[in-house]
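[1] Here is a sequence with its predicted model. Questions after.
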Amino acid sequence: MTSVQDVPQHLLGHNLECEKRICVIGAGAGGLAALKVISDSAYFKAGKWSVIAYETRTTVGGIWLPAPPVVDTYNAPITPLYDSLTTNLPHPVMAYTSHSFPPETPLFPPAHMVQTYLESYAAQFNLMSLIKFNTTVLDARWESTQWTVTLSDGKHFTYDHLIVANGHYHLPRIPEVPGLADWMKHGRASHSAWYRKPHFLGDKILVAGDGPSGQDIAAEMCTVAQVVVHAVTVPGAATNVTGNLIRRGRPIEFKANGQVVFDDGTAEDNIDHCILATGFHMHFPFLEGASMINKNIPSDFPPLPSGELFNSTYHVFPLAKHLFPLQTQYPITSVAFMGLLIRVAPFPLMEAQAHAIVRAFADPSSLDPVAEAVDIIARSEQIRRAGASTPLDIAKAWFQLDIADQWNYRDEMYQFAQSMSGTPLIKVTEWEKELYNFKVELRSVWQDLEKSGESGEWLRDVGKNGVQDWVALMYRVVDYSRIRNNLSGRL
């Protein structure tokens, strides 16, 4: 593997001769997208820009790179990746627009295939030479006209721009529920970040959280526990029992005698252990030392908070285009936060963000702070109309885009980037929109096809003729699902 030390000096991010020196924090999917788009730019190719990414781990991949559940300096595993994890989106919808998964890849690939895919993306576009591995950014602060970055090897470098792509699935979020802290203290509860595979934790297990990991873990724990109680956070969720799985509402109290009380007034006795699939904090420790970011929930608005950037741990606020901080401590376009939006198709969205970042870095005047502030206030009004009533409610909902908004946002990022020579005008396709809406149905049917051993035949030669092979396969799977469920008609 080529190391950063082998790269010509003019390509490295701390070369003083370049007009712009860019530091990328993290070499997961977001950091790789940033490196790819920047290194494709005319500025980089002409030697006017330089870029380097710093990655804590030994190679690319971020969350997709497996590791045992051993705590790091933040008392958390470096990845929450569990053994059976597969994507919850079909890979043709999830993939970068510039790089498809290989032919015959399972429609919902396991994590190791996604890791291999990211490694192939880095190799295909010659990104490995732009990354310094085993190196953590400890501190980043704006000093006069530049960002000063302190690394774990003790070195300091200055940069004109930062791209923050450190991910947001690292620091576990433990809900503030009466009695839960005592359960955690005595080992009766643990966060899903430590979960790797089903193992016996007692006869009756509670899994809290109804996201993809909560659903997977609840199903897996049914194979080793007599009873699994799956607590979901959706208000008014129906209580039901399927096999040895019991569904309950949100837990509101953990009692010392093993009883857990739920928000619908029901209770479950004799819970032996609780696994908390309750999400993660957004965490930017390298910005905290010099108060580059305020670790609080911003007050109600409008008007927007004056001068500061906030990390509520649920959202970063206020960000123009969900990327650039509208504050006064440093230039708005001197830093960009990638990949903070959740429940989206992440890889192509981060590619779109990378193109927008290049535009803003090249031409800071392209960003209109007043217009962006108006957009942020409009976003808050949309969230309030949907039921949010407090600053905390708004923070929790901020990065959860409606399905249509996700596609509009991607298109808007490419449209914004269009003034840059060579920027592709990529629009979200109709098949992406349609098949994203069928992601749950597709995954369920695909899992059944894998269990029955039929998936290999469905995949034969698919992808060898390009993305349309994958599109045809996904529509076939949807049709098969409808036939199987005595439904008729096509999309």
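    Noted; the coordinates are in hand.

[2] what are the ranges of the strands in the stretch 151-300 of the chain?
    Assigned by DSSP state E, counting those that start in this stretch, the strands in the stretch 151-300 of the chain fall at 156-159, 161-164, 171-172, 189-191, 204-208, 227-231, 240-242, 245-248, 251-254, 260-262, 267-268, 273-276, 280-281.

[3] Could you check which helix or strand contains residue 302?
    According to DSSP states H and E, residue 302 maps onto no helix or strand at all.

[4] Next up, the contacts around it.
    The contact partners of residue 302, taken as C-beta atoms under 8 Å, 6 or more residues apart in numbering, are 377, 380. For glycine as for every other residue, the C-beta is placed from the backbone atoms N, C-alpha and C.

[5] For it, grab phi and psi.
    Taking degrees, to the nearest 10, you get phi -80, psi 170 for the backbone angles of residue 302.

[6] Pull up the gap between it and residue 373, please.
    As judged by C-beta to C-beta, to the nearest Å, residue 302 and residue 373 stand 8 Å apart.

[7] again with residue 483
    Taken as C-beta to C-beta, the span from residue 483 to residue 373 is 51 Å.

[8] Which of the strands of the stretch 151-300 of the chain sits closest to residue 126?
    Proximity to residue 126 (C-beta to C-beta) singles out strand 161-164 among those, at 18.3 Å.

[9] packing partners for that closest one?
    strand 20-25, strand 146-151, strand 335-337 (3 or more C-beta pairs under 8 Å, 6 or more residues apart in numbering; DSSP states H and E).

[10] hang on, the earlier thing: of the strands of the stretch 151-300 of the chain, give the one that comes closest to residue 298.
    Using C-beta to C-beta, the nearest of those to residue 298 is strand 280-281, at 16.1 Å.

[11] what does the helix or strand just after that closest one contact?
    Following strand 280-281 in sequence order, the next helix or strand is strand 310-311 (DSSP H and E). Residues from elsewhere that reach strand 310-311, judged by C-beta under 8 Å, 6+ apart: 282-284, 293-298, 316-318.

[12] Counting neighbours, which of those residues end up buried?
    With neighbours counted using 16 or more other C-beta atoms under 10 Å, the contacts of strand 310-311 contain these buried positions: 282-284, 293-294, 297-298, 316-318.

[13] Where does pLDDT dip in this protein?
    1-16, 234-240, 421, 486-491 (pLDDT under 70).

[14] try 80 this time
    1-17, 233-242, 306, 419-422, 485-491 (pLDDT under 80).

[15] Who does the residue lying closest to residue 215 once chain neighbours are set aside form a beta bridge with?
    In space, and not counting its chain neighbours, residue 215 is closest to residue 230: 7.8 Å by C-beta to C-beta, 6 or more residues apart in numbering. For residue 230, the beta-bridge partners are residue 207, residue 247 (DSSP bridges).

[16] Am I right that residue 230 is in contact with residue 211?
    No - using C-beta atoms under 8 Å, residue 230 makes no contact with residue 211, being 11.6 Å away.

[17] Same drill for these two, tell me which one is more crowded.
    Neighbour count, other C-beta atoms under 10 Å: between residue 230 and residue 211, residue 230 has more, with 25 against 17.

[18] what's near enough to touch that one?
    Counting by C-beta under 8 Å, 6+ apart, residue 230 makes contact with 206-207, 210, 214-215, 218, 245-248.

[19] residue ranges for the helices of the stretch 351-491 of the chain, please.
    Ranges of helices in the stretch 351-491 of the chain, per DSSP state H, counting those that start in this stretch, are 369-385, 391-397, 403-416, 430-436, 439-452, 455-459, 467-484.

[20] how about these in a markdown table, adding mean neighbour count?
    Listed next are these as a markdown table, based on neighbours: other C-beta atoms under 10 Å:
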| stretch | mean neighbour count |
| --- | --- |
| helix 369-385 | 14 |
| helix 391-397 | 18 |
| helix 403-416 | 17 |
| helix 430-436 | 17 |
| helix 439-452 | 16 |
| helix 455-459 | 15 |
| helix 467-484 | 16 |
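
[21] Of the ones you listed, which is nearest residue 274?
    helix 391-397 (21.5 Å).

[22] Determine the set of other helices and strands touching the closest one.
    Looks like helix 391-397 contacts helix 369-385 (3+ C-beta pairs under 8 Å, 6+ apart).

[23] 10 Å instead?
    Helix 391-397 makes packing contacts with strand 310-311, strand 316-317, helix 369-385 when contacts are defined by 3 or more C-beta pairs under 10 Å, 6 or more residues apart in numbering; DSSP states H and E.

[24] thinking again about what came up before, now, which of the contacts of residue 230 sits nearest residue 112?
    Once C-beta to C-beta is applied, the member of the contacts of residue 230 that ends up nearest residue 112 is residue 215, at 20.7 Å.

[25] Next, count neighbours for the closest one.
    Using other C-beta under 10 Å, residue 215 is surrounded by 17 other residues.

[26] Let me see the contact set for residue 108.
    86-91, 94, 439, 442-443, 446-447, 450, 455 (C-beta atoms under 10 Å, 6 or more residues apart in numbering).

[27] And the nearest residue to it once chain neighbours are set aside, how far from residue 314?
    Excluding its sequence neighbours, the residue lying closest to residue 108 (C-beta to C-beta, 6+ apart) is residue 86, at 4.7 Å. Per C-beta to C-beta, residue 86 is found 27 Å from residue 314.

[28] same deal with residue 143?
    29 Å.

[29] Who has more neighbours out of those two?
    Set residue 143 next to residue 314 and count neighbours by other C-beta under 10 Å: residue 314 wins out with 22 against 10.

[30] rewinding a little: any idea which of the helices and strands packed on strand 161-164 is most buried?
    strand 335-337 (a mean of 27; mean count of other C-beta atoms under 10 Å).
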